[in-house]
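>>> From the sequence below, what's the structure:
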Amino acid sequence: MLISEMLMYATVEVVVDDPHWNVMDLERIAQISCSAAISGAGRTASAYEIAVLAASDDRIADLNFRFRQRQEPTNVLSWPAATCPGGIHDHSAPIHLGDIALAWETCAAETTQFGSPLEDYVAFLLVHASLHLLGFDHATDQEAAQMEQREACALATLGIGNLHGCAGTQAVWNRN
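Numbering: from 1, shown residues only. Reported below is the predicted structural model:
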C-alpha cells in the first residue's frame, strides 16, 4: 500500500474555467497531490483547504500580469492565504492555505517536454504550488534543493517519479 492510500486528505475545491481540463479527474488529482505535499511537509493534510482554478493560458496571463507584472502565461500560479490575525483559528474548520491556478495550454505543451502523462505533470505542478503555499521557495540553490527533495518525496508517495530526474511507477490515478 502506498502512503497516498493512507493520507488524510486536504479539502480541495477545483473550479474548472476551461473545459479542456475535463479530460482528467482533476478534483481527485488535486486532492491527492496537494495532500501529499502537505503531509510531506510534516503537516496534517486534513487540517487545510486549497482552492484550485483550472483555466486557459489567456486567463492565467491576465492573472500573471495582475499579480506579478509579467505579460505572459505560466504553467502554475499560487497565492498563499493571509494568516489569521493573532493566530486565532476555529479548529473545527480547515485552514485555508491558499489558491492555485493552472494554465491548460502551457501545461499540455510542457508535458511533452518532460515525456510524462499530463496527469503526472499536473500532479507535479500541484505539489510544487502547494509547497509554495506552505512557505517553501526556490530563490536560492539551497532552497531549490530542499524544495526539490520535498517534491520528489511527495511525488513518490503518488507513484510518480520526480520530474527533476528519477523514474516513477504507475501513478495512483492510473491504477485499476
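
>>> Give the helix, strand or coil label for residue 136.
With DSSP: H, G, I helix; E, B strand; the rest coil as the basis, residue 136 sits in coil.

>>> what's the answer for residue 79, then?
Following three-state DSSP, residue 79 is assigned to strand.

>>> surely it meets residue 97?
No - contact criterion C-beta atoms under 8 Å: residue 79 and residue 97 do not qualify, at 10.1 Å. C-beta here means a position set from N, CA and C on the backbone, and glycine is covered the same way.

>>> More neighbours: which of those two?
residue 97 (25 against 15; other C-beta atoms under 10 Å).

>>> For the more buried one, grab phi and psi.
Backbone torsions for residue 97, taken as degrees, to the nearest 10, come to phi -80, psi -30.

>>> what's near enough to touch it?
Residues near residue 97 by C-beta atoms under 8 Å, 6 or more residues apart in numbering: 10, 38, 48, 49, 50, 80, 81, 130, 133, 134.

>>> re earlier: find the residues that touch each one of residue 79 and residue 97.
Listed as contacting both residue 79 and residue 97 by C-beta under 8 Å, 6+ apart are residue 133.

>>> wait, is residue 151 part of a strand?
No - the assignment for residue 151, made by three-state DSSP, is helix rather than a strand.

>>> So what's the residue count around the residue nearest to it when sequence neighbours are not counted?
Once flanking residues are discounted, residue 151 sits nearest to residue 127: 5.4 Å by C-beta to C-beta, 6 or more residues apart in numbering. Residue 127 has 29 neighbours, counted by other C-beta under 10 Å.

>>> What of the one 5 residues further on?
Residues contacting residue 132 under the criterion other C-beta under 10 Å number 19.

>>> Which helix or which strand is home to it?
For residue 132, the host element (DSSP states H and E) is helix 118-133.

>>> For that helix, what is the distance to the chain centroid?
Distance, stretch centre to chain centre, for helix 118-133: 3 Å (C-alpha atoms, centre = their mean, to the nearest Å).

>>> For that helix, C-alpha coordinates in CSV please.
Output of helix 118-133 as CSV, limited to C-alpha atoms (Å, rounded to 0.1, in the frame of the first residue of the first chain):
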residue,chain,number,x,y,z
LEU,A,118,-0.4,15.1,-18.4
GLU,A,119,-1.9,13.9,-15.1
ASP,A,120,1.5,13.3,-13.6
TYR,A,121,2.8,16.7,-14.7
VAL,A,122,-0.3,18.4,-13.3
ALA,A,123,0.3,16.5,-10.0
PHE,A,124,3.9,17.8,-10.0
LEU,A,125,2.7,21.4,-10.5
LEU,A,126,0.1,21.0,-7.8
VAL,A,127,2.7,19.6,-5.4
HIS,A,128,5.1,22.4,-6.3
ALA,A,129,2.4,25.1,-5.8
SER,A,130,1.2,23.6,-2.5
LEU,A,131,4.8,23.7,-1.2
HIS,A,132,4.9,27.4,-2.1
LEU,A,133,1.6,27.9,-0.2
